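K.L.:
from the sequence below, what's the structure:
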Amino acid sequence: MVLPALSTLDDDLLLSILHFSTAPDLARCRAVCRSLSQQADVDALWERHCLDESLQRNGSARPTSRTYCSWRQTWLDSRCEGCGRTYMVKINLDGGSSSASTWHGAKVPLCKACALRSLFCYRTSASDGVAESMLPRLARRYAPLGQFVVRICGRNMDGMVKELGLVREYEQFVEGEKRLTDLFASGARRSSQQMM
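P.N.:
Numbering: from 1, shown residues only. Prediction:
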């Protein structure tokens, strides 16, 4: 078994092995056992991943400071809620409906691709199933109102498209979605003709 073998390794050797881990693997290592969790929490391991993604520490570097933030926490705070990649924009969950007021002050971090998907769901008035299928992780996070959160993010993203310089990328995204829809429709027509 691997776990007893890991516990016999010297701390320096274990750190050397963990140095080659990806950030998601480091996060998973924390769930294995206490000793591995302590080694996977070493700030230098997380700092490398944060700097690779050009992330700045979210707070003070001094552990005794009131505003201290570890590199691990900085990495976790920078994840997109739609897919887990580094987020590009934090979108407010405010206004519009009475249900939105229950998320008072909440902000949803989304990467560019997930922000464009939420905007598409809002602008096309996508059905609940479509909204959930385009951003399933976000919809599950805010279940049972996930499809509404996807649309609220899209509505609030609508006003930010120009200032973020995403107009052309959104148009390309819509063209791609239209081509996919046409492709599925033509495939369905062909299969129904073959059945006749």
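
K.L.:
quick check: end-to-end length of stretch 38-54?
P.N.:
End-to-end distance for stretch 38-54, by CA to CA, to the nearest Å: 25 Å.

K.L.:
contact partners of it?
P.N.:
11, 14-15, 18-19, 21-23, 26-27, 29-30, 56-57, 70-72, 74-75, 78, 86 (CB atoms under 8 Å, 6 or more residues apart in numbering). C-beta coordinates here come from the backbone N, C-alpha and C atoms, glycine included.

K.L.:
now restrict these to buried residues only.
P.N.:
Neighbour-count burial (16 or more other CB atoms under 10 Å) applied to the contacts of stretch 38-54 gives 14, 18, 23, 26-27, 29, 57, 70-72, 74-75, 78, 86.

K.L.:
tabulate these (JSON lines), appending pLDDT and distance to C50.
P.N.:
Converted to JSON lines, the buried ones among the contacts of stretch 38-54 look like this (pLDDT from 0 to 100; distance: CB to CB, whole Å):
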{"residue": "L14", "pLDDT": "84", "distance to C50": "21"}
{"residue": "L18", "pLDDT": "86", "distance to C50": "15"}
{"residue": "A23", "pLDDT": "86", "distance to C50": "8"}
{"residue": "L26", "pLDDT": "86", "distance to C50": "12"}
{"residue": "A27", "pLDDT": "83", "distance to C50": "13"}
{"residue": "C29", "pLDDT": "82", "distance to C50": "17"}
{"residue": "R57", "pLDDT": "80", "distance to C50": "7"}
{"residue": "S70", "pLDDT": "84", "distance to C50": "10"}
{"residue": "W71", "pLDDT": "85", "distance to C50": "5"}
{"residue": "R72", "pLDDT": "86", "distance to C50": "9"}
{"residue": "T74", "pLDDT": "84", "distance to C50": "5"}
{"residue": "W75", "pLDDT": "84", "distance to C50": "5"}
{"residue": "S78", "pLDDT": "84", "distance to C50": "8"}
{"residue": "T86", "pLDDT": "83", "distance to C50": "10"}
